[in-house]
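Q: return a 3D structure for these sequence lines:
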Amino acid sequence: MTLLQILFNCMTLGAIYALVAAGIVIVFKATDLINFGAGDWVLGGAYIALALLIGGAPIWLILILAPVGGVIMGIVIDLLVFRRLLNTTPWMFVVASLAVGGLIRELAIFRYQSQPFPFPAVFSRQPFEVGGILFVPQNLWIVGATLVVFAALILFFKYARYGQALEAVAQNRTGAQIIGVNLRRSLMVTFGLAGGVSAIAAMLIAPSVDVSPEISVLVVSGFVAAAVGGLD
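A: Numbers count the residues shown, from 1 in each chain. Model prediction:
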């Protein structure tokens, strides 16, 4: 196997780790805190997609609705839990993030037990060869989708009003409030974005590992990717 083949094979899994890391970094940049339940947010996104699949939704519609469901999940968690912890200690946030992650996991197990559910791939898994390197359409889709998500995030933070507000909050929370940034609303957008990115990561990995509680272990590699890439 050539070096290029090995690199391409690693890119697929690395793209998913990058998305998990993005969900962690988005929260960290706005709150200066780490969401230790991030893996279970990915789990929640996977089961949102599974619920839509069981409900008979076509795969193209799931690709749209599951990230929306992830955004709603993040906003609800913010409104019910994290918003009430703005003025508490970082340790309270750590405990709350672990508790929320555990609740998501237990709800998923209660509804679907621990059995794995197969999830359809968007494109074929049949490889084709180009220049001596084997390419798998599904893997190309994963890498391409990840690049699109990161491009969208970059454009959002650079040009969108809320994106610029989140950057201001990340750099100086007090200063952002002084110039008129609504802190609560900005944090709500932050957790919504993290939930949406987590759901996208879940949909990309689900065809390869099936939908099960084990998906949440992605957070371990996600933390490593975030640390290597830089949490800030």
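Q: mind checking how far the helix ranked longest in the chain is from the chain centre?
A: In the chain, with assignment by DSSP state H, the single longest helix is helix 3-31. How far helix 3-31 lies from its chain's middle: 10 Å, per C-alpha atoms, centre = their mean, to the nearest Å.
Q: before we move on, what about stretch 48-58?
A: With C-alpha atoms, centre = their mean as the basis, stretch 48-58 stands 19 Å off its chain's centre.
Q: picking up where we left off before, just the CA atoms of the helix or strand just after the longest helix of the chain, as CSV, please.
A: Of the helices and strands lying after helix 3-31 in sequence (DSSP states H and E), the nearest is helix 38-54. Output in CSV follows, covering the C-alpha atoms of helix 38-54 (Å, rounded to 0.1, in the frame of the first residue of the first chain):
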residue,chain,number,x,y,z
ALA,A,38,-19.6,16.3,23.6
GLY,A,39,-19.4,12.6,22.7
ASP,A,40,-23.0,12.1,23.8
TRP,A,41,-24.1,15.1,21.7
VAL,A,42,-22.8,13.1,18.7
LEU,A,43,-24.7,10.1,20.1
GLY,A,44,-27.8,12.3,20.3
GLY,A,45,-27.4,13.4,16.7
ALA,A,46,-27.0,9.8,15.6
TYR,A,47,-30.3,8.8,17.2
ILE,A,48,-32.1,11.8,15.8
ALA,A,49,-31.0,10.6,12.4
LEU,A,50,-32.1,7.1,13.3
ALA,A,51,-35.5,8.2,14.5
LEU,A,52,-36.0,10.0,11.1
LEU,A,53,-34.9,6.9,9.3
ILE,A,54,-37.2,4.6,11.2
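Q: what angle separates the helix or strand that helix 38-54 is followed by from helix 38-54?
A: Using DSSP H and E, the next helix or strand after helix 38-54 towards the C-terminus is helix 59-80. Per axes from the mean of the first three to the mean of the last three C-alpha atoms, to 10 degrees, the angle that helix 59-80 makes with helix 38-54 is 140 degrees.
Q: circling back: show me what the longest helix of the chain is packed against.
A: Applying 3 or more C-beta pairs under 8 Å, 6 or more residues apart in numbering; DSSP states H and E, we find helix 3-31 packed against helix 38-54, strand 133-135, helix 137-159, helix 161-171, helix 183-209, helix 218-229. Placement of C-beta: from N, CA and C, glycine included.
Q: dump the residue contacts of the residue nearest in space to the middle of the chain.
A: What sits nearest the mean C-alpha location of the chain, by C-alpha atoms, centre = their mean, is S198, with 1.8 Å. For S198, the contacting residues are 19-20, 23, 38, 41-42, 44-45, 70, 74, by C-beta atoms under 8 Å, 6 or more residues apart in numbering.
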